[in-house]
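Asks: Structure for this input, please:
(2 chains)
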2 protein chains.
Amino acid sequence: MPHTPEEIEKLKHAPAVAGVEDLFLRRWSPRAFADKEVSVDDLKKIFEAARWAASSYNEQPWRFFLGRRGDATYQKILDVLVEFNQGWAKSAPVLIFSVASNKFAANGNPNKYSIHDTGAATAQLSLQATALGLHTHSMAGFDHSKARKVFAVSDEYDIGAVTALGYLGDPASLHDQLRAQETSPRQRKQLSEFVLLDWDNPAL
Amino acid sequence: MPHTPEEIEKLKHAPAVAGVEDLFLRRWSPRAFADKEVSVDDLKKIFEAARWAASSYNEQPWRFFLGRRGDATYQKILDVLVEFNQGWAKSAPVLIFSVASNKFAANGNPNKYSIHDTGAATAQLSLQATALGLHTHSMAGFDHSKARKVFAVSDEYDIGAVTALGYLGDPASLHDQLRAQETSPRQRKQLSEFVLLDWDNPAL
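Replies: Numbering: from 1, shown residues only, chains lettered A, B, ... in the order given. A predicted model of the protein is given here:
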(Lines give C-alpha, C1' and ligand atoms only; values in the text may rest on other atoms or scores of the structure.)
Protein backbone atom coordinates (compact mmCIF):
# COMPACT_ATOMS: atom_id res chain seq x y z
CA MET A 1 0.00 0.00 0.00
CA PRO A 2 1.40 3.40 -0.95
CA HIS A 3 2.12 5.40 2.15
CA THR A 4 4.43 8.35 1.66
CA PRO A 5 3.03 11.55 0.10
CA GLU A 6 5.27 10.90 -2.94
CA GLU A 7 3.92 7.37 -3.42
CA ILE A 8 0.33 8.54 -3.05
CA GLU A 9 0.70 11.48 -5.42
CA LYS A 10 2.18 9.14 -8.02
CA LEU A 11 -0.70 6.70 -7.67
CA LYS A 12 -3.30 9.49 -7.88
CA HIS A 13 -1.75 11.10 -10.94
CA ALA A 14 -4.47 10.74 -13.56
CA PRO A 15 -3.65 8.73 -16.65
CA ALA A 16 -4.57 10.86 -19.68
CA VAL A 17 -3.76 11.42 -23.31
CA ALA A 18 -0.50 13.29 -23.78
CA GLY A 19 -0.63 17.08 -23.94
CA VAL A 20 -3.07 17.62 -21.09
CA GLU A 21 -1.82 20.13 -18.52
CA ASP A 22 -0.35 18.35 -15.52
CA LEU A 23 -2.33 20.57 -13.16
CA PHE A 24 -5.56 18.72 -14.02
CA LEU A 25 -3.93 15.33 -13.55
CA ARG A 26 -2.39 16.12 -10.17
CA ARG A 27 -5.62 17.45 -8.61
CA TRP A 28 -7.45 14.95 -6.42
CA SER A 29 -9.47 15.10 -3.21
CA PRO A 30 -7.73 13.64 -0.16
CA ARG A 31 -9.24 13.11 3.29
CA ALA A 32 -6.00 13.10 5.27
CA PHE A 33 -4.46 16.54 5.68
CA ALA A 34 -1.15 17.40 7.35
CA ASP A 35 -0.91 19.53 10.47
CA LYS A 36 0.57 22.46 8.57
CA GLU A 37 -0.87 25.94 8.08
CA VAL A 38 -1.62 27.48 4.70
CA SER A 39 0.05 30.90 4.38
CA VAL A 40 -1.96 34.06 3.76
CA ASP A 41 0.12 34.59 0.61
CA ASP A 42 -0.99 31.23 -0.74
CA LEU A 43 -4.62 31.89 0.19
CA LYS A 44 -4.46 35.13 -1.79
CA LYS A 45 -3.15 33.29 -4.86
CA ILE A 46 -5.82 30.62 -4.52
CA PHE A 47 -8.70 33.09 -4.38
CA GLU A 48 -7.11 35.19 -7.10
CA ALA A 49 -7.42 32.15 -9.38
CA ALA A 50 -11.11 31.87 -8.45
CA ARG A 51 -11.50 35.59 -9.06
CA TRP A 52 -10.68 35.31 -12.75
CA ALA A 53 -13.18 32.52 -13.48
CA ALA A 54 -15.80 33.07 -16.17
CA SER A 55 -19.33 33.99 -15.16
CA SER A 56 -22.61 34.88 -16.82
CA TYR A 57 -22.57 38.63 -17.55
CA ASN A 58 -19.36 38.73 -15.49
CA GLU A 59 -21.59 38.75 -12.38
CA GLN A 60 -19.02 36.85 -10.27
CA PRO A 61 -21.82 35.47 -8.08
CA TRP A 62 -19.48 33.50 -5.80
CA ARG A 63 -18.86 34.44 -2.18
CA PHE A 64 -16.49 32.35 -0.09
CA PHE A 65 -16.51 32.21 3.69
CA LEU A 66 -12.93 31.43 4.62
CA GLY A 67 -12.19 29.74 7.93
CA ARG A 68 -8.72 29.05 9.30
CA ARG A 69 -8.27 26.65 12.20
CA GLY A 70 -8.81 28.50 15.45
CA ASP A 71 -11.14 31.18 14.11
CA ALA A 72 -14.91 31.40 14.46
CA THR A 73 -15.60 30.94 10.74
CA TYR A 74 -13.69 27.64 10.69
CA GLN A 75 -15.62 26.35 13.68
CA LYS A 76 -18.96 27.37 12.15
CA ILE A 77 -18.18 25.54 8.91
CA LEU A 78 -16.92 22.44 10.75
CA ASP A 79 -20.07 22.41 12.87
CA VAL A 80 -22.45 22.25 9.90
CA LEU A 81 -20.71 19.27 8.27
CA VAL A 82 -22.29 15.85 8.59
CA GLU A 83 -20.54 13.74 11.22
CA PHE A 84 -18.80 11.57 8.64
CA ASN A 85 -17.19 14.59 6.99
CA GLN A 86 -16.35 16.22 10.33
CA GLY A 87 -14.36 13.08 11.11
CA TRP A 88 -11.76 13.74 8.43
CA ALA A 89 -12.28 17.40 7.48
CA LYS A 90 -11.15 18.58 10.91
CA SER A 91 -7.63 17.59 9.83
CA ALA A 92 -7.68 20.36 7.21
CA PRO A 93 -6.31 23.72 8.40
CA VAL A 94 -8.67 25.66 6.11
CA LEU A 95 -12.40 25.25 5.46
CA ILE A 96 -14.23 27.26 2.80
CA PHE A 97 -18.00 27.60 2.40
CA SER A 98 -19.31 28.94 -0.89
CA VAL A 99 -22.61 30.69 -1.58
CA ALA A 100 -23.84 32.15 -4.85
CA SER A 101 -25.82 35.31 -5.45
CA ASN A 102 -28.90 34.22 -7.39
CA LYS A 103 -29.87 37.68 -8.73
CA PHE A 104 -28.00 40.03 -11.00
CA ALA A 105 -26.92 43.05 -8.97
CA ALA A 106 -27.63 45.43 -11.86
CA ASN A 107 -31.31 44.62 -12.36
CA GLY A 108 -32.45 42.01 -9.83
CA ASN A 109 -33.17 39.47 -12.57
CA PRO A 110 -32.63 35.82 -11.58
CA ASN A 111 -29.18 34.44 -12.37
CA LYS A 112 -29.69 30.78 -13.28
CA TYR A 113 -25.96 30.25 -13.64
CA SER A 114 -24.92 31.30 -10.14
CA ILE A 115 -24.15 27.77 -8.97
CA HIS A 116 -22.66 26.73 -12.34
CA ASP A 117 -20.28 29.67 -12.16
CA THR A 118 -19.47 29.10 -8.50
CA GLY A 119 -18.51 25.55 -9.48
CA ALA A 120 -16.18 27.04 -12.09
CA ALA A 121 -14.58 29.41 -9.56
CA THR A 122 -14.18 26.54 -7.11
CA ALA A 123 -12.44 24.44 -9.79
CA GLN A 124 -10.01 27.30 -10.41
CA LEU A 125 -9.38 27.69 -6.68
CA SER A 126 -8.67 23.96 -6.41
CA LEU A 127 -6.32 23.93 -9.40
CA GLN A 128 -4.34 26.89 -8.06
CA ALA A 129 -4.10 25.07 -4.72
CA THR A 130 -2.73 22.06 -6.61
CA ALA A 131 -0.16 24.30 -8.31
CA LEU A 132 1.02 25.40 -4.85
CA GLY A 133 1.43 21.83 -3.59
CA LEU A 134 -1.85 21.92 -1.69
CA HIS A 135 -5.02 19.87 -2.01
CA THR A 136 -8.74 20.55 -1.75
CA HIS A 137 -11.71 18.29 -1.09
CA SER A 138 -15.15 19.74 -1.77
CA MET A 139 -18.20 18.39 0.02
CA ALA A 140 -21.94 18.32 -0.43
CA GLY A 141 -22.38 16.57 2.90
CA PHE A 142 -23.39 19.30 5.31
CA ASP A 143 -26.60 20.59 6.84
CA HIS A 144 -27.69 23.17 4.26
CA SER A 145 -30.44 24.78 6.38
CA LYS A 146 -28.15 24.97 9.38
CA ALA A 147 -25.44 26.54 7.20
CA ARG A 148 -27.96 29.08 5.94
CA LYS A 149 -28.89 30.00 9.51
CA VAL A 150 -25.40 30.02 10.99
CA PHE A 151 -24.03 32.22 8.18
CA ALA A 152 -27.20 34.37 7.87
CA VAL A 153 -27.49 33.51 4.17
CA SER A 154 -30.50 35.35 2.73
CA ASP A 155 -32.82 33.99 0.04
CA GLU A 156 -30.84 35.99 -2.50
CA TYR A 157 -28.00 33.51 -2.21
CA ASP A 158 -27.92 29.80 -3.02
CA ILE A 159 -25.90 27.40 -0.93
CA GLY A 160 -22.73 26.12 -2.61
CA ALA A 161 -20.20 23.63 -1.27
CA VAL A 162 -17.78 23.25 1.62
CA THR A 163 -14.16 22.79 0.58
CA ALA A 164 -11.36 21.55 2.81
CA LEU A 165 -7.89 22.89 1.95
CA GLY A 166 -4.45 21.93 3.16
CA TYR A 167 -1.33 19.86 2.61
CA LEU A 168 -1.53 16.13 2.07
CA GLY A 169 -1.44 14.11 5.27
CA ASP A 170 -0.71 10.55 6.27
CA PRO A 171 -3.44 8.07 5.21
CA ALA A 172 -2.59 6.04 8.32
CA SER A 173 -4.65 8.63 10.19
CA LEU A 174 -7.82 7.41 8.42
CA HIS A 175 -10.12 4.50 9.17
CA ASP A 176 -9.73 1.34 7.04
CA GLN A 177 -12.25 2.08 4.31
CA LEU A 178 -11.20 5.69 3.85
CA ARG A 179 -7.57 4.67 3.87
CA ALA A 180 -8.30 2.23 1.05
CA GLN A 181 -9.95 5.03 -0.99
CA GLU A 182 -7.08 7.37 -0.21
CA THR A 183 -4.58 4.88 -1.61
CA SER A 184 -6.39 3.57 -4.70
CA PRO A 185 -6.20 4.91 -8.27
CA ARG A 186 -8.70 7.48 -9.55
CA GLN A 187 -11.50 6.39 -11.90
CA ARG A 188 -13.38 8.28 -14.58
CA LYS A 189 -15.87 7.60 -17.39
CA GLN A 190 -14.45 7.32 -20.90
CA LEU A 191 -14.73 10.33 -23.23
CA SER A 192 -17.13 8.32 -25.38
CA GLU A 193 -19.57 8.20 -22.45
CA PHE A 194 -19.90 11.94 -22.01
CA VAL A 195 -18.80 13.69 -25.23
CA LEU A 196 -21.65 13.13 -27.63
CA LEU A 197 -23.00 13.99 -31.06
CA ASP A 198 -26.39 12.91 -29.79
CA TRP A 199 -27.52 10.47 -27.09
CA ASP A 200 -26.70 7.45 -29.24
CA ASN A 201 -23.38 8.53 -30.74
CA PRO A 202 -20.10 9.48 -29.12
CA ALA A 203 -18.37 12.47 -30.68
CA LEU A 204 -14.78 11.46 -29.88
CA MET B 1 -7.13 50.31 -30.14
CA PRO B 2 -5.39 46.91 -29.90
CA HIS B 3 -5.94 44.93 -33.02
CA THR B 4 -3.55 42.03 -33.54
CA PRO B 5 -4.12 38.83 -31.54
CA GLU B 6 -0.86 39.53 -29.67
CA GLU B 7 -1.97 43.03 -28.68
CA ILE B 8 -5.37 41.78 -27.55
CA GLU B 9 -3.98 38.85 -25.55
CA LYS B 10 -1.65 41.25 -23.77
CA LEU B 11 -4.49 43.61 -22.93
CA LYS B 12 -6.70 40.76 -21.67
CA HIS B 13 -3.99 39.21 -19.52
CA ALA B 14 -5.40 39.50 -16.02
CA PRO B 15 -3.45 41.55 -13.50
CA ALA B 16 -3.03 39.42 -10.39
CA VAL B 17 -0.77 38.90 -7.39
CA ALA B 18 2.47 37.13 -8.31
CA GLY B 19 2.51 33.35 -8.15
CA VAL B 20 -0.87 32.70 -9.77
CA GLU B 21 -0.71 30.21 -12.64
CA ASP B 22 -0.63 32.02 -15.95
CA LEU B 23 -3.35 29.74 -17.31
CA PHE B 24 -6.00 31.50 -15.20
CA LEU B 25 -4.79 34.93 -16.26
CA ARG B 26 -4.73 34.17 -19.98
CA ARG B 27 -8.29 32.76 -20.10
CA TRP B 28 -10.92 35.18 -21.32
CA SER B 29 -14.06 34.96 -23.46
CA PRO B 30 -13.77 36.45 -26.94
CA ARG B 31 -16.56 36.91 -29.46
CA ALA B 32 -14.41 36.98 -32.60
CA PHE B 33 -13.08 33.59 -33.63
CA ALA B 34 -10.71 32.80 -36.51
CA ASP B 35 -11.69 30.66 -39.47
CA LYS B 36 -9.48 27.79 -38.33
CA GLU B 37 -10.52 24.28 -37.32
CA VAL B 38 -9.79 22.73 -33.95
CA SER B 39 -8.04 19.37 -34.34
CA VAL B 40 -9.53 16.16 -32.97
CA ASP B 41 -6.35 15.69 -30.95
CA ASP B 42 -6.87 19.04 -29.25
CA LEU B 43 -10.56 18.29 -28.63
CA LYS B 44 -9.52 15.05 -26.90
CA LYS B 45 -7.12 16.95 -24.65
CA ILE B 46 -9.77 19.55 -23.84
CA PHE B 47 -12.39 16.99 -22.80
CA GLU B 48 -9.77 14.96 -20.96
CA ALA B 49 -9.21 18.01 -18.76
CA ALA B 50 -12.97 18.17 -18.09
CA ARG B 51 -12.98 14.44 -17.40
CA TRP B 52 -10.74 14.77 -14.36
CA ALA B 53 -12.79 17.49 -12.68
CA ALA B 54 -14.06 16.90 -9.15
CA SER B 55 -17.68 15.87 -8.64
CA SER B 56 -19.97 14.93 -5.80
CA TYR B 57 -19.54 11.17 -5.15
CA ASN B 58 -17.45 11.13 -8.35
CA GLU B 59 -20.73 11.03 -10.28
CA GLN B 60 -19.32 12.98 -13.25
CA PRO B 61 -22.82 14.29 -14.11
CA TRP B 62 -21.65 16.31 -17.12
CA ARG B 63 -22.53 15.36 -20.67
CA PHE B 64 -21.27 17.49 -23.54
CA PHE B 65 -22.84 17.62 -26.98
CA LEU B 66 -19.97 18.48 -29.30
CA GLY B 67 -20.69 20.16 -32.61
CA ARG B 68 -18.10 20.95 -35.27
CA ARG B 69 -18.94 23.35 -38.08
CA GLY B 70 -20.72 21.47 -40.84
CA ASP B 71 -22.22 18.71 -38.68
CA ALA B 72 -25.80 18.40 -37.46
CA THR B 73 -24.92 18.87 -33.79
CA TYR B 74 -23.25 22.23 -34.51
CA GLN B 75 -26.26 23.43 -36.42
CA LYS B 76 -28.66 22.34 -33.68
CA ILE B 77 -26.67 24.22 -31.04
CA LEU B 78 -26.36 27.33 -33.20
CA ASP B 79 -30.11 27.25 -33.86
CA VAL B 80 -31.05 27.37 -30.17
CA LEU B 81 -28.89 30.40 -29.38
CA VAL B 82 -30.56 33.78 -29.01
CA GLU B 83 -30.08 35.93 -32.10
CA PHE B 84 -27.50 38.16 -30.46
CA ASN B 85 -25.29 35.20 -29.62
CA GLN B 86 -25.84 33.57 -33.01
CA GLY B 87 -24.42 36.73 -34.55
CA TRP B 88 -20.93 36.17 -33.15
CA ALA B 89 -20.93 32.50 -32.10
CA LYS B 90 -21.26 31.35 -35.69
CA SER B 91 -17.64 32.43 -36.14
CA ALA B 92 -16.54 29.68 -33.74
CA PRO B 93 -15.68 26.34 -35.40
CA VAL B 94 -16.86 24.35 -32.36
CA LEU B 95 -19.99 24.67 -30.23
CA ILE B 96 -20.52 22.63 -27.07
CA PHE B 97 -23.79 22.21 -25.18
CA SER B 98 -23.61 20.84 -21.63
CA VAL B 99 -26.31 19.01 -19.68
CA ALA B 100 -26.05 17.53 -16.20
CA SER B 101 -27.52 14.31 -14.85
CA ASN B 102 -29.57 15.33 -11.81
CA LYS B 103 -29.80 11.87 -10.23
CA PHE B 104 -27.11 9.58 -8.92
CA ALA B 105 -26.89 6.57 -11.24
CA ALA B 106 -26.28 4.19 -8.32
CA ASN B 107 -29.46 4.89 -6.36
CA GLY B 108 -31.61 7.47 -8.18
CA ASN B 109 -31.21 10.01 -5.40
CA PRO B 110 -31.21 13.66 -6.47
CA ASN B 111 -27.80 15.15 -7.16
CA LYS B 112 -28.00 18.78 -6.10
CA TYR B 113 -24.45 19.43 -7.29
CA SER B 114 -24.89 18.40 -10.92
CA ILE B 115 -24.76 21.94 -12.28
CA HIS B 116 -22.09 23.03 -9.81
CA ASP B 117 -19.88 20.15 -10.95
CA THR B 118 -20.66 20.71 -14.63
CA GLY B 119 -19.48 24.29 -14.10
CA ALA B 120 -16.25 22.88 -12.68
CA ALA B 121 -15.76 20.53 -15.66
CA THR B 122 -16.46 23.41 -18.04
CA ALA B 123 -13.85 25.56 -16.29
CA GLN B 124 -11.28 22.78 -16.73
CA LEU B 125 -12.22 22.40 -20.39
CA SER B 126 -11.78 26.13 -20.92
CA LEU B 127 -8.44 26.25 -19.15
CA GLN B 128 -7.09 23.33 -21.20
CA ALA B 129 -8.28 25.13 -24.33
CA THR B 130 -6.34 28.19 -23.15
CA ALA B 131 -3.24 26.04 -22.66
CA LEU B 132 -3.54 24.95 -26.30
CA GLY B 133 -3.78 28.52 -27.59
CA LEU B 134 -7.55 28.33 -27.99
CA HIS B 135 -10.36 30.30 -26.39
CA THR B 136 -13.84 29.53 -25.12
CA HIS B 137 -16.88 31.69 -24.49
CA SER B 138 -19.71 30.15 -22.48
CA MET B 139 -23.26 31.41 -22.87
CA ALA B 140 -26.48 31.37 -20.91
CA GLY B 141 -28.28 33.08 -23.78
CA PHE B 142 -30.13 30.33 -25.59
CA ASP B 143 -33.65 28.94 -25.66
CA HIS B 144 -33.53 26.36 -22.89
CA SER B 145 -36.84 24.66 -23.71
CA LYS B 146 -35.98 24.50 -27.38
CA ALA B 147 -32.57 23.01 -26.51
CA ARG B 148 -34.28 20.42 -24.32
CA LYS B 149 -36.55 19.47 -27.21
CA VAL B 150 -33.97 19.53 -30.00
CA PHE B 151 -31.53 17.38 -28.01
CA ALA B 152 -34.23 15.16 -26.44
CA VAL B 153 -33.02 16.02 -22.95
CA SER B 154 -35.13 14.10 -20.42
CA ASP B 155 -36.19 15.42 -17.00
CA GLU B 156 -33.30 13.49 -15.51
CA TYR B 157 -30.88 16.04 -16.90
CA ASP B 158 -30.59 19.76 -16.18
CA ILE B 159 -29.65 22.20 -18.90
CA GLY B 160 -26.11 23.58 -18.67
CA ALA B 161 -24.42 26.12 -20.90
CA VAL B 162 -23.40 26.55 -24.52
CA THR B 163 -19.68 27.10 -25.06
CA ALA B 164 -18.07 28.41 -28.23
CA LEU B 165 -14.52 27.17 -28.85
CA GLY B 166 -11.89 28.22 -31.37
CA TYR B 167 -8.87 30.37 -32.12
CA LEU B 168 -8.93 34.10 -31.51
CA GLY B 169 -10.23 36.09 -34.48
CA ASP B 170 -10.06 39.67 -35.65
CA PRO B 171 -12.19 42.09 -33.55
CA ALA B 172 -12.73 44.13 -36.73
CA SER B 173 -15.32 41.46 -37.61
CA LEU B 174 -17.50 42.63 -34.69
CA HIS B 175 -19.99 45.47 -34.43
CA ASP B 176 -18.84 48.62 -32.64
CA GLN B 177 -20.04 47.84 -29.11
CA LEU B 178 -18.80 44.27 -29.14
CA ARG B 179 -15.50 45.38 -30.62
CA ALA B 180 -15.09 47.82 -27.73
CA GLN B 181 -15.68 44.98 -25.22
CA GLU B 182 -13.31 42.72 -27.12
CA THR B 183 -10.55 45.28 -26.85
CA SER B 184 -10.97 46.58 -23.28
CA PRO B 185 -9.31 45.25 -20.11
CA ARG B 186 -11.00 42.64 -17.93
CA GLN B 187 -12.62 43.66 -14.64
CA ARG B 188 -13.20 41.73 -11.44
CA LYS B 189 -14.33 42.36 -7.85
CA GLN B 190 -11.61 42.69 -5.22
CA LEU B 191 -10.84 39.67 -3.00
CA SER B 192 -12.19 41.64 -0.04
CA GLU B 193 -15.61 41.67 -1.72
CA PHE B 194 -16.01 37.92 -2.00
CA VAL B 195 -13.63 36.22 0.48
CA LEU B 196 -15.29 36.73 3.84
CA LEU B 197 -15.07 35.85 7.50
CA ASP B 198 -18.74 36.81 7.72
CA TRP B 199 -20.93 39.20 5.73
CA ASP B 200 -19.38 42.27 7.41
CA ASN B 201 -15.71 41.29 7.39
CA PRO B 202 -13.36 40.42 4.56
CA ALA B 203 -11.07 37.47 5.27
CA LEU B 204 -8.15 38.58 3.09
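Asks: Who are the packing partners of the lengthiest helix in chain A?
Replies: Taking DSSP state H as the criterion, chain A has its longest helix at helix A:114-131. Counting contacts by 3 or more C-beta pairs under 8 Å, 6 or more residues apart in numbering or on different chains; DSSP states H and E, helix A:114-131 is packed against helix A:22-26, helix A:40-51, strand A:62-68, strand A:94-101, strand A:135-139, strand A:157-166, helix B:22-26, helix B:114-131. No exception for glycine: its C-beta is placed from N, CA and C like everyone else's.
Asks: just these: most buried one?
Replies: helix B:114-131 (a mean of 28; mean count of other C-beta atoms under 10 Å in any protein chain shown).
Asks: next one: it to chain centre, how far?
Replies: 7 Å (C-alpha atoms, centre = their mean, to the nearest Å).
Asks: One more: stretch A:169-182?
Replies: 19 Å.
Asks: Next: stretch A:141-151.
Replies: Using C-alpha atoms, centre = their mean, the offset of stretch A:141-151 from its chain centre is 17 Å.
Asks: Run the contact check for that stretch versus chain B.
Replies: Yes. Using C-beta under 8 Å from any C-beta of the partner chain, stretch A:141-151 reaches chain B at A:F151.
Asks: got the buried residues for that stretch?
Replies: Under the neighbour-count criterion of 16 or more other C-beta atoms under 10 Å in any protein chain shown, stretch A:141-151 has A:142, A:147-148, A:150-151 buried.
Asks: Single out the residue in chain A that lies closest to chain B.
Replies: A:G119 (3.0 Å; C-beta to the nearest C-beta).
Asks: Residue nearest the middle of chain A, spatially speaking?
Replies: With distances taken as C-alpha atoms, centre = their mean, the residue of chain A nearest its centroid is A:S138 (3.4 Å).
Asks: Identify the bridge partners of it.
Replies: A:T163 (DSSP bridges).
Asks: how much space between it and B:L132?
Replies: Going from A:S138 to B:L132 by C-beta to C-beta, to the nearest Å gives 26 Å.
Asks: next one: A:D117
Replies: As for A:D117, its distance to B:L132 is 23 Å (criterion: C-beta to C-beta).
Asks: go on, A:W62?
Replies: For A:W62, the distance to B:L132 - C-beta to C-beta - is 26 Å.
Asks: quick revisit: show me which of the buried residues of stretch A:141-151 is closest to A:L43.
Replies: Within the buried residues of stretch A:141-151, proximity to A:L43 (C-beta to C-beta) peaks at A:F151, which comes in at 19.0 Å.
Asks: List the contacts of that closest one.
Replies: A:65, A:76, A:97, A:99, B:198-199 (C-beta atoms under 8 Å, 6 or more residues apart in numbering or on different chains).
Asks: Same question for A:E59.
Replies: A:101, A:104-105, A:111, A:114, A:117.
Asks: which phi and psi does it have?
Replies: Taking degrees, to the nearest 10, you get phi -70, psi -30 for the backbone angles of A:E59.
Asks: Can you give me every residue that contacts the residue nearest to A:K146 when sequence neighbours are not counted?
Replies: Distances taken as C-beta to C-beta, 6 or more residues apart in numbering or on different chains place A:V80 nearest to A:K146, at 4.9 Å, with adjacent residues excluded. Contact analysis of A:V80 by C-beta under 8 Å, 6+ apart lists A:97, A:142-143, A:146-147, A:150, A:162.
Asks: Just the ones of those in helices?
Replies: Secondary structure from DSSP H places A:146-147, A:150 of those in helices.
Asks: Those into JSON lines, with extra columns for pLDDT?
Replies: JSON lines is the format used below for the ones in helices among the contacts of A:V80 (pLDDT from 0 to 100):
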{"residue": "A:K146", "pLDDT": "98"}
{"residue": "A:A147", "pLDDT": "98"}
{"residue": "A:V150", "pLDDT": "98"}
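Asks: just curious, which of those is nearest to B:F84?
Replies: When these are compared against B:F84 (criterion: C-beta to C-beta), the nearest one is A:A147, at 37.5 Å.
Asks: Hmm, that closest one is touching A:V82, no?
Replies: No. Between A:A147 and A:V82 there is no contact under C-beta atoms under 8 Å: 11.3 Å.
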